[in-house]
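1. I'd like to go over a predicted model; first the sequence, then the structure.
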Amino acid sequence: MTTPLDDEQIEAYWRDGYAFLPDAVSPAQLAGLRADIAAWEEESRSHDAAWGETLAQRPRFDIAPDHSAETPRLRRVASPVEVSDVYRDVMRDNRALDAVAQLIGPNIEFNNSKINAKQPGSSTEVKYHQDFMFQPHTNEDLIACLVFLDDVTLENGPLNVVPGTHRAELWDHWHDGVYTGAVSPEVEAAHVGAAVPIHGPAGSACLMHTRLLHGSAPNSSDHPRTLLILEYRAEDAKPLQVNHLPSVFDGEVVRGVRTNRVRCSSYEMEYPEVPTGASFFSQQAKA
């Protein structure tokens, strides 16, 4: 196992709630990942609604409302590690995972995976939220690795994070009895001015704390923005609800060993709504 992060980067992660890692995957890995997503995008031309099936009997492939055969808008692939050898191999071995082990290791389990894509000119946006509010665990040592499959620029809908909010409160994602998968407009307005865009070349990754407030705007450019999101958890962080992105690989030990121990932290939150649609975009649409 390599140690990609130096002491300054580790300190910055715990202070700000995120770290940027160049060359998170190798050129060969990146090429394989891009080849598979290109094939799925081509397949989407023959569909006019979400298709495929996950372990939760929900569609695996989700398309945006403005999708068409002429202008395909594949926006989500749920648990790609189940249908691609390349994605599964990368999930088990990449430099971002080595960095995760430095931060919350040495023992690390796989939690879930997905692809979020924004095609050129796409209206798809992600409202500000905290990942932990979708997935309560006994402690908050979970890290999402957002691997850039395309060059991410300021124009094509980059991830925007609000530094330090992982040390703030857990904001409600339920509003008026509806689970919107997003913070309230008041919370967003109070923090969006401090948001920082995360951009860089394909193959890079952003490592993000599960409590960090983040969102992203639509893609206003002529270039796609595709992210592979691999989420890992400390081996002693045990799920308290069904995985919202279930996988046969949920809980696989990808670094270190299984200890059969559980570690608990103190927090309060309302249980999230288990999604029934193809992606959380349908939940956020309720906002």
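-> Looks like it arrived, so ask away.

2. ranges for the helices of the chain?
-> Taking DSSP state H as the criterion, the chain carries its helices at 7-16, 27-44, 85-92, 95-104, 185-191, 281-284.

3. Please identify the most buried of these.
-> Comparing those by mean neighbour count (mean count of other C-beta atoms under 10 Å), helix 95-104 comes out on top with a mean of 23. (Each C-beta comes from the backbone N, C-alpha and C, glycine too.)

4. And that one, what does it pack against?
-> Helices and strands touching helix 95-104, by 3 or more C-beta pairs under 8 Å, 6 or more residues apart in numbering; DSSP states H and E, are helix 7-16, strand 18-21, strand 108-118, strand 142-148, strand 205-209, strand 225-234, strand 253-255.

5. Try it again at 10 Å.
-> helix 7-16, strand 18-21, helix 85-92, strand 108-118, strand 142-148, strand 205-209, strand 225-234, strand 253-255 (3 or more C-beta pairs under 10 Å, 6 or more residues apart in numbering; DSSP states H and E).

6. Turn the ones you listed into TSV, columns for distance to residue 28.
-> Below are these laid out as TSV (distance: least, C-beta to C-beta, whole Å):
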stretch	distance to residue 28
helix 7-16	25
strand 18-21	18
helix 85-92	10
strand 108-118	19
strand 142-148	14
strand 205-209	16
strand 225-234	15
strand 253-255	19
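
7. For stretch 38-54, which outside residues touch it?
-> 58-63, 67-80, 82-84, 115, 117, 119, 149, 224, 226, 245-247, 277-279, 282 (C-beta atoms under 10 Å, 6 or more residues apart in numbering).

8. how does it look with 6 Å?
-> 59, 60, 61, 62, 63, 69, 72, 74, 78, 79, 278 (C-beta atoms under 6 Å, 6 or more residues apart in numbering).

9. Is it possible to get a markdown table of those that adds distance to residue 123, neighbour count and pLDDT?
-> Formatted as a markdown table, these follow (distance: C-beta to C-beta, whole Å; neighbours: other C-beta atoms under 10 Å; pLDDT from 0 to 100):
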| residue | distance to residue 123 | neighbour count | pLDDT |
| --- | --- | --- | --- |
| 59 | 20 | 19 | 95 |
| 60 | 22 | 22 | 96 |
| 61 | 18 | 25 | 96 |
| 62 | 14 | 28 | 94 |
| 63 | 12 | 24 | 93 |
| 69 | 18 | 10 | 94 |
| 72 | 14 | 19 | 92 |
| 74 | 14 | 24 | 94 |
| 78 | 21 | 29 | 96 |
| 79 | 25 | 23 | 97 |
| 278 | 17 | 22 | 55 |
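
10. now for those residues, which pair is the farthest apart?
-> Farthest pair in the contacts of stretch 38-54 (C-beta to C-beta) is 69 and 79. Separation: 25.3 Å.

11. picking up where we left off before, identify whichever of the helices and strands packed on helix 95-104 lies nearest to residue 128.
-> strand 205-209 (13.2 Å).

12. what's that closest one packed up against?
-> Packing contacts for strand 205-209, counted by 3 or more C-beta pairs under 6 Å, 6 or more residues apart in numbering; DSSP states H and E, involve strand 18-21, strand 142-148.

13. Just name the most buried of those.
-> By mean count of other C-beta under 10 Å, the helices and strands packed on strand 205-209 have strand 142-148 as the most buried, with a mean of 25.

14. where's stretch 223-239 relative to the chain centroid, distance-wise?
-> Remark: stretch 223-239 is offset 5 Å from the chain centroid, using C-alpha atoms, centre = their mean, to the nearest Å.

15. mind listing what's buried in stretch 159-176?
-> 159, 160, 161, 162, 163, 165, 166, 170, 171, 173, 174 (16 or more other C-beta atoms under 10 Å).

16. I'd assumed residue 106 was in contact with residue 256.
-> Yes: assessed by C-beta atoms under 6 Å, residue 256 is found in contact with residue 106 at 4.2 Å.

17. Name the residue in these two with the higher neighbour count.
-> Between residue 256 and residue 106, counting by other C-beta atoms under 10 Å, residue 256 is the more crowded of the two (15 against 12).

18. count of residues packed around residue 49?
-> Residue 49 - counted by other C-beta under 10 Å - has 10 other residues nearby.

19. hmm, back to that, which two in the buried residues of stretch 159-176 are spaced the farthest apart?
-> 163 and 174 (25.5 Å).
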